[in-house]
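Student: any chance you can model this:
(one chain, ligands or ions: 1)
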Amino acid sequence: MTARVAFVTGGTGGIGTAICRELANQGNRVVTNYRNEEKALAWQAAQKAAGFDMAIVPGDVSDVASSAAMVRQVESDVGAVDILVNNAGITRDTTFHKMSALQWQEVMRTNLDSCFNVTRQVIEGMRARKWGRVLQISSINGQKGQYGQANYAASKAGMHGFSISLAQENAKFGITVNTISPGYVGTDMVMAVPEEVRAKIVAQIPVGRLGDPDEIAYAVAFLAADKAAWITGANLAINGGHYMGW
Ligand code: CAA
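Tutor: Next comes the predicted model:
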């Protein structure tokens, strides 16, 4: 199998780490970005101890110039990006009538502007090489909305609009573009939701539990594989039955 270069943004987080490991298990050379060097080096050492060789590069996906420099470093350290997973994301939960402009902007810049900032840097190379995989890690709350998440839901819904346009533009170049919409997964982000609120949310999940990061990573590896060449513009919901669209 060809060893491809997989760049996962926000790879040091809960779902991100599982994605990095699964893509490495699939035979890819995996790289992620960081903003905090000390934390990233500790993460890299932990991956090494678990048998995974992960490359790291500095970069802020919410910033155009930083993203450009970050991708150039991926190219020089590891190689041209074949698989891009736009996974970096944040929450600034609050009801809309209390939301500040900064809470809106931080979420839009990190979750949605990042898709432009990073993908724009890799798409021309993928088109020239006639192969690519671009994956957006969106959210169930981009599909169904969520109390306290007007900013986050808007950003996550926007990610799929981005996917389906890019999918059309790049289909003839061997590039597939898809969205994965995880439900509530047992990560730090979800565990930060107040316990009584979280308990009510879990009670709405038919499978009866939070998701596991590996259950999201499995789908990323599936969509990144050569054999998934005919799947493009899809939005794969992985949420324990919490929201069933069609
Ligand atoms: N539907 C209807 N009413 C709701 C509600 C809901 N889902 N949630 C809260 N309310 C009501 C409360 O019952 C309360 O009503 P009363 O004042 O009449 O009692 C009122 O709204 C205020 O609620 P809170 O006390 O919760 O208000 P708050 O300002 O303290 O907190 C909040 C608001 C920050 C949004 C908090 O409710 C919260 O954290 N909610 C969870 C948001 C969430 O699901 N975030 C997901 C994070 S994980 C993630 O994003 C990953 C992913 O992709 C899934």
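Student: hey, let's count contacts and neighbours off CA atoms from now on
Tutor: OK.
Student: what is the top strand by length along the chain packed up against?
Tutor: With residue count as the measure and DSSP state E as the assignment, the chain has strand 175-182 as its longest strand. Packing partners of strand 175-182 (3 or more C-alpha pairs under 8 Å, 6 or more residues apart in numbering; DSSP states H and E): strand 132-137, helix 140-144, helix 150-170, helix 213-224, strand 235-238.
Student: reformat those as CSV; add mean pLDDT.
Tutor: As requested, those are exported to CSV (pLDDT from 0 to 100):
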stretch, mean pLDDT
strand 132-137, 98
helix 140-144, 98
helix 150-170, 98
helix 213-224, 98
strand 235-238, 98
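Student: looking at the ones you listed, spot the one closest to the ligand.
Tutor: helix 140-144 (5.9 Å; C-alpha to the nearest ligand atom).
Student: contacts for that closest one?
Tutor: When contacts are taken as C-alpha atoms under 8 Å, 6 or more residues apart in numbering, the neighbours of helix 140-144 outside the stretch itself are 149, 152-158, 181-184, 237, 239, 243.
Student: which of the helices and strands packed on strand 175-182 is buried the deepest?
Tutor: The highest mean neighbour count among the helices and strands packed on strand 175-182 belongs to strand 132-137 (a mean of 26), with neighbours defined as mean count of other C-alpha atoms under 10 Å.
Student: and that strand with helix 213-224, angle?
Tutor: Strand 132-137 and helix 213-224 meet at an angle of 150 degrees, taking axes from the mean of the first three to the mean of the last three C-alpha atoms, to 10 degrees as the criterion.
Student: is there proximity between strand 132-137 and the ligand?
Tutor: No: in this structure, strand 132-137 remains apart from the ligand according to C-alpha under 6 Å from any ligand atom; the gap is never smaller than 9.0 Å.
Student: ditto for stretch 90-108
Tutor: Yes: with C-alpha under 6 Å from any ligand atom as the criterion, the ligand is reached by stretch 90-108 at 93, 94, 95.
Student: and if you look at stretch 177-197?
Tutor: Yes: under the criterion of C-alpha under 6 Å from any ligand atom, the ligand is reached by stretch 177-197 at 183, 184, 189, 190, 193, 194.
Student: ok, these vs residue 53, which is closest?
Tutor: residue 189 (25.4 Å; C-alpha to C-alpha).
Student: show me what contacts that closest one?
Tutor: So, once contact is read as C-alpha under 8 Å, 6+ apart, residue 189 ends up touching residue 91.
Student: pull the helix or strand with minimum mean pLDDT from the protein.
Tutor: Of all regular secondary-structure elements in the chain, judged by mean pLDDT, DSSP states H and E, the least confident is helix 188-191 with a mean of 94.
Student: how about the residues of this protein near the ligand?
Tutor: Within the chain, the positions adjacent to the ligand are 93-95, 139-141, 147-148, 183-184, 189-190, 193-194 by C-alpha under 6 Å from any ligand atom.
Student: repeat the analysis, applying 5 Å as the threshold.
Tutor: For the chain, the residues in contact with the ligand (C-alpha under 5 Å from any ligand atom) are 93, 94, 139, 147, 148, 183, 184, 190, 193.
Student: ok, the residue of the chain found nearest the ligand - contacts?
Tutor: Among the residues of the chain, residue 148 lies nearest to the ligand; the distance is 3.4 Å by C-alpha to the nearest ligand atom. For residue 148, the contact set (C-alpha under 8 Å, 6+ apart) comprises 93, 94, 95, 96.
Student: tell me the centre residue of this protein?
Tutor: Taking C-alpha atoms, centre = their mean, the centroid of the chain lies closest to residue 87, which sits 1.7 Å from it.
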